[in-house]
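Asks: need a structure here:
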Amino acid sequence: MTTTTLAVLVPLLPFLGAVAGLLLGRTAPGFVRPLAVLPVLAATALAVAVAVRQGGGKTIDAATRLTPTGSVPIDLALYIDGFAALVAVLVGVVATCVQIYSTGYLREDPRYPSYAALVSLFTSAMLLVVYSGDLMVLLVGWEIMGICSYFLVGHYWETPEARAASLKAFLVTKLGDVPFLIGLFALAADAGTFRITGVLGAVASGGLDHPTLIALLLLAGVAGKSAQFPLHTWLPDAMAGPTPVSALIHAATMVAAGIYFTARLLPVFAESAAAMTVLAVMAAITMVGSALAALAQDDIKRVLAYSTIGQLGYMAGALAVGDRGAAVFHLLSHAAFKALLFLAAGTVIHAAGTNSLTAMSRMSGLAKRVPDAYWTMTVALLALAAIPPFAGFFSKEAVLVAAEHTALGDRTVAPAGAGWTVLVAGLLTALLTAAYALRLWLRTFRGRGAEAPDHGRQPIAMTSVLWVLAVPSLGFGLTVTYLDDWFDGNALTPTLTTAVLGTGLAAAGAAVTYAVWRTLAARTPATAAARVPAPHVAHPDADAGLVEAEALTLPQPAEDPADPGRALLGPLHGPAADGFHLDAVYRTAFVRPVLAAASLVRFLDREVVDTYVRGAGASAKGLGWLVRRAQTGNVQTYLSALLAGSVVLAIAAVALANAVAGA
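Replies: Numbers count the residues shown, from 1 in each chain. The predicted structure is shown next:
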C-alpha cells in the first residue's frame, strides 16, 4: 500500500467510526466501545507507518482536483512533511488514550454513544487539518472541530454552565474565524491558489501584494482557535465539559490547530515584520497573564486551562521569532503532559465520587488513595514546570533559545524587539509556571480539605492510560538530538544561558511557593474548606461525569488562609482569579451594545413595522366591509344607484364644460 493511500486512511477511519457509532449507538450498544476505540487506534497505527516512511525527509505532496470553481481551484491534496507526520501521530495517540479512558470514566453515561462518535469526528477533523495540502479543505476540518467542541463542551446540557460554556466557545472562536476566512480568500487571491505548495511558492517569489493585511486577518482566527489574547476567554469556561474532552481539546485538537496552521504557513507571516511583532506581543501577554490567572484559581481544571493558554503562548512566541521547529516541538511535548494532567485530574474526581472535588481547597488525603494519579501527575507537573530531564524542559528551552537568537540578531526572520519580548516574557512565565504547578500539587495531594469517602481502585482503562502518557512526559525531550531533520534542520538543544536562567527561575518560583505554603500551613490549624461539610457524596458506581457536572453548580469555598497563591499575588489575586475582568470588559463593550441593538430592532419590528402591517390589514378589512354592505341583492337598489351615479357624472361633465368655455 502506498504512503499516499495510508495517509488518506488516517483521517478517514475515525470519520467512518464516528458515522457507524452514531448509526448503531442505540440499536447495537455492544458495538459502541469497539467503534470508539478501534478506528482511532487503527488510524494511529497508520499515522505511525506514514511517519516512518516519511522519515523527516522529502515532503509527500499529492493532489486531485476536487471541484472546478471557475477561478481559484480547490484540490483534495496531501502535504506531509516531518512535523506534519509527527503531529498526526500525536493526535492519534492522545485521541486513542482519551477514547480508552472514556470507556471507564463515562461508563454509566446514557449519552456515551454520541459522545464517543463526536470524539472520533473531532479526531478526524484534526487529522484532516494536519494532512491537508489545500487551505479550503483544511478549513473544512477547522470548522468541524468548532462544531464538535460546541457539542462536547455542552455534553452536560442539563447544567446552565455547560450550555453557556459551549455557546461561548462557539461564538468566540467564530469571532476569529470570520476574519480568518477573509484572510484565506485574500491569500488565495494574491497567490492564485489554495494549495499550500503554491502559496509558499508565491511567498518565495515575492508574489504577495498584501502580506501584512493577510497575516493579521489570519492571526485573528489563530487567536480564537488557539486561545491567545484577547480571544482566550472561552477556554477556561470550556472546563464545563467532561474531563476527557478537556484533555483532547487542550492536547491534540482545537487549540493545537491554530499553532499548527501558523507553523505551516510561517513564511506568509514572516513577510510582515508588523505581523510578527503583533504575534510576539500577543504571545507575551498570553503567557504572563494566563500564568498569573492560574496562580489564583481554586478549581483544578481551571488551573490546567490557564496553564494550557500559557503554554500555547510559548508556542506562539516561538513562531513570532521565526522558529516553527521549536513551536511544534513544544506542541508535541505539551500534548503529552497536558493530556496526562487532565486525565489524572479526572481520575481524582472519579476516585472521590463527590461533587465537591473540583476545588483544590476541598481536597485531602488523595496521595495514598489514588497512587496512579499521584505519581503520574507529579511527572506531568515536573514536565510543565520545565524541570530537567522532563520533556517540558527541552521544549521550553528550544523556545527560549530561538527567542535569544532573534533578540541578539543571530536570526533576522523577525525583528529583534520581538525576540526580546518573547524572551523576557518566557523567563517570567517559567517562574510563574513552577509556582502554580507546585501550588496545584501541594493543594491537591497535601491539602487539608474535607476528605471524601474512598471508593476503591479506579478502572484499569483509566489508570493504564496515565502510565502510557507518563512515558513521553518523562522521556520525549531526550529525543531532541534526533529530531533536527524533522524540524527544518534547526538544532533544538538547550544552551547554557537560557537553561541556567530558565531552570533557576523555575526553581526560585517553586522554592518561594513551598516556603509560603509551609509558613501558612504552620499558622493555620485547618483550612476554611475543611470546615465546610461535604454537601453530597455520590454512590460508588455513580458516573464521574455527572458528579463533575453537578460540581459546577456548587458555591466556591470561603477564602483558604493556607493558599500560597493568595499570599504571593496579594492585591492582584482578585483580578487574576477573575481573568483580569476581561469577560466584564467584553460584556460592557460588545455584549450589552449588541443586546441593546437587538432590543431596538425588536421594538421597531413590533411597534413600527407591525403597526403598518396591521394598519394595511385593517384598511383592507374595512374596505371589504363597505363593499359587502353594498351587496344587498336587490336589483332595484342597483338600478337606482346606477341612475344616481349617471346623473352625478352628467352634472359634473356639464359643469366642467362650462368652466372650460368660460376660460
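Asks: would you say Asp61 is within a helix?
Replies: No - under the criterion used here (DSSP: H, G, I helix; E, B strand; the rest coil), Asp61 is strand, not part of a helix.
Asks: state the pLDDT value of it.
Replies: Reported pLDDT at Asp61 in the predicted model: 89.
Asks: repeat for Thr524
Replies: pLDDT at Thr524 comes out at 71.
Asks: likewise for Tyr586?
Replies: At Tyr586, pLDDT is 89.
Asks: just give the number of residues close to it.
Replies: 16 (other CB atoms under 10 Å). Bear in mind the C-beta positions are built from the backbone N, C-alpha and C, glycine included.
Asks: Asp488 contacts Arg324, doesn't it?
Replies: Yes - using CB atoms under 8 Å, Asp488 is in contact with Arg324, at 6.8 Å.
Asks: more neighbours: which of those two?
Replies: Arg324 (27 against 16).
Asks: which stretches in the stretch 151-300 of the chain count as helices?
Replies: For the stretch 151-300 of the chain, the helices defined by DSSP state H, counting those that start in this stretch cover 160-191, 196-204, 211-225, 234-237, 243-251, 255-264, 266-270, 273-294, 300-320.
Asks: would you reformat the ones you listed as CSV and include distance to Val635, mean neighbour count and mean pLDDT?
Replies: Shown next, in CSV, are these (distance: least, CB to CB, whole Å; neighbours: other CB atoms under 10 Å; pLDDT from 0 to 100):
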stretch, distance to Val635, mean neighbour count, mean pLDDT
helix 160-191, 69, 19, 93
helix 196-204, 85, 18, 93
helix 211-225, 78, 24, 95
helix 234-237, 78, 25, 92
helix 243-251, 82, 29, 91
helix 255-264, 83, 26, 94
helix 266-270, 86, 22, 95
helix 273-294, 87, 24, 96
helix 300-320, 87, 28, 95
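Asks: would a markdown table of those with distance to Met1 be doable?
Replies: Output for the helices of the stretch 151-300 of the chain, formatted as a markdown table (distance: least, CB to CB, whole Å):
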| stretch | distance to Met1 |
| --- | --- |
| helix 160-191 | 33 |
| helix 196-204 | 24 |
| helix 211-225 | 33 |
| helix 234-237 | 39 |
| helix 243-251 | 28 |
| helix 255-264 | 26 |
| helix 266-270 | 32 |
| helix 273-294 | 40 |
| helix 300-320 | 34 |
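Asks: give me phi/psi at Arg65?
Replies: phi -70, psi 120 (degrees, to the nearest 10).
Asks: for it, which residues make a bridge with it?
Replies: Asp75 (DSSP bridges).
Asks: shaky segments in the chain?
Replies: 352-358, 364-365, 448-457, 525-560, 663 (pLDDT under 70).
Asks: now the strands for it?
Replies: Assigned by DSSP state E, the chain shows strands spanning 60-67, 74-80.
Asks: of those, which approaches Lys621 most closely?
Replies: When the strands of the chain are compared by CB to CB, strand 60-67 sits nearest Lys621, at 52.7 Å.
Asks: how about Ser132: what's its closest non-neighbour residue?
Replies: Leu138 (4.1 Å; CB to CB, 6 or more residues apart in numbering).
Asks: got a list of what that neighbour touches?
Replies: Leu128, Val129, Ser132, Phe261 (CB atoms under 8 Å, 6 or more residues apart in numbering).
Asks: what's the burial count for Leu572?
Replies: Residues near Leu572, counting by other CB under 10 Å: 14.
Asks: list the contacts of the nearest residue to it once chain neighbours are set aside.
Replies: In space, and not counting its chain neighbours, Leu572 is closest to Leu292: 6.8 Å by CB to CB, 6+ apart. Counting by CB under 8 Å, 6+ apart, Leu292 touches Leu432, Leu569, Leu572, Ala576, Phe580.
Asks: and what of Ala294?
Replies: Arg302, Val303, Tyr306, Ser307, Gly310, Leu432, Thr433, Tyr436.
Asks: gap between it and Thr2?
Replies: 46 Å (CB to CB, to the nearest Å).
Asks: repeat for Ile285
Replies: In terms of CB to CB, Ile285 sits 46 Å off from Thr2.
Asks: what of Thr378?
Replies: Distance from Thr378 to Thr2, by CB to CB: 44 Å.
Asks: who has more neighbours out of the two?
Replies: Thr378 (15 against 10).
Asks: what is the burial count for the closest residue to that one other than its chain neighbours?
Replies: The shortest distance from Thr378 to any non-neighbouring residue, by CB to CB, 6+ apart, is to Trp441 (6.6 Å). For Trp441, the neighbour count with other CB under 10 Å is 22.
Asks: so what's Trp441 up against?
Replies: Trp441 neighbours (CB under 8 Å, 6+ apart): Met377, Thr378, Leu381.
Asks: what is the nearest of the residues you listed to Val399?
Replies: Leu381 (19.0 Å).
Asks: quick one: distance of stretch 114-125 to the chain centre.
Replies: Distance of stretch 114-125 from its chain centroid, counting by CA atoms, centre = their mean, to the nearest Å, is 15 Å.
Asks: and stretch 312-320, by the same measure?
Replies: 16 Å.
Asks: for stretch 119-128, same thing?
Replies: Centre-to-centre, stretch 119-128 and its host chain are 14 Å apart (CA atoms, centre = their mean).
Asks: need the residues that contact it.
Replies: Contacts of stretch 119-128 (CB under 8 Å, 6+ apart): 10-15, 17-18, 21, 35-36, 39-40, 43, 47, 88, 91-92, 95, 98-99, 102, 137-138, 140-142, 144-145, 148-149, 152, 244-245, 248, 252-254, 256-257.
Asks: need the buried ones from those selected in ChimeraX.
Replies: Burial among those is assessed by 16 or more other CB atoms under 10 Å; the matching ChimeraX selection reads:
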select :10,11,12,13,14,15,17,18,21,35,36,39,40,43,47,88,91,92,95,98,99,102,137,138,141,142,144,145,148,149,152,244,245,248,252,253,254,256,257
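Asks: show me the contacts of stretch 119-128 that map onto helices.
Replies: 10-15, 17-18, 21, 35-36, 39-40, 43, 47, 88, 91-92, 95, 98-99, 102, 137-138, 140-142, 144-145, 148-149, 152, 244-245, 248, 256-257 (DSSP state H).
Asks: ok, which of the helices of the stretch 151-300 of the chain comes nearest Ala630?
Replies: helix 160-191 (58.2 Å).
Asks: still on that earlier bit, could the contacts of Ala294 be laid out in CSV, adding distance to Ser124?
Replies: Shown next, in CSV, are those (distance: CB to CB, whole Å):
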residue, distance to Ser124
Arg302, 29
Val303, 30
Tyr306, 29
Ser307, 27
Gly310, 29
Leu432, 36
Thr433, 33
Tyr436, 34
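Asks: which of the residues you listed lies closest to Asp372?
Replies: For the contacts of Ala294, the nearest to Asp372 is Val303 (20.2 Å; CB to CB).
Asks: so Val72 makes contact with Gly192?
Replies: Yes - assessed by CB under 8 Å, Val72 is found in contact with Gly192 at 6.6 Å.
Asks: report the separation between Gly56 and Ala293.
Replies: From Gly56 over to Ala293 (counting by CB to CB), the distance is 37 Å.
Asks: report how many residues lie close to Val93.
Replies: Val93: 23 neighbours (other CB under 10 Å).
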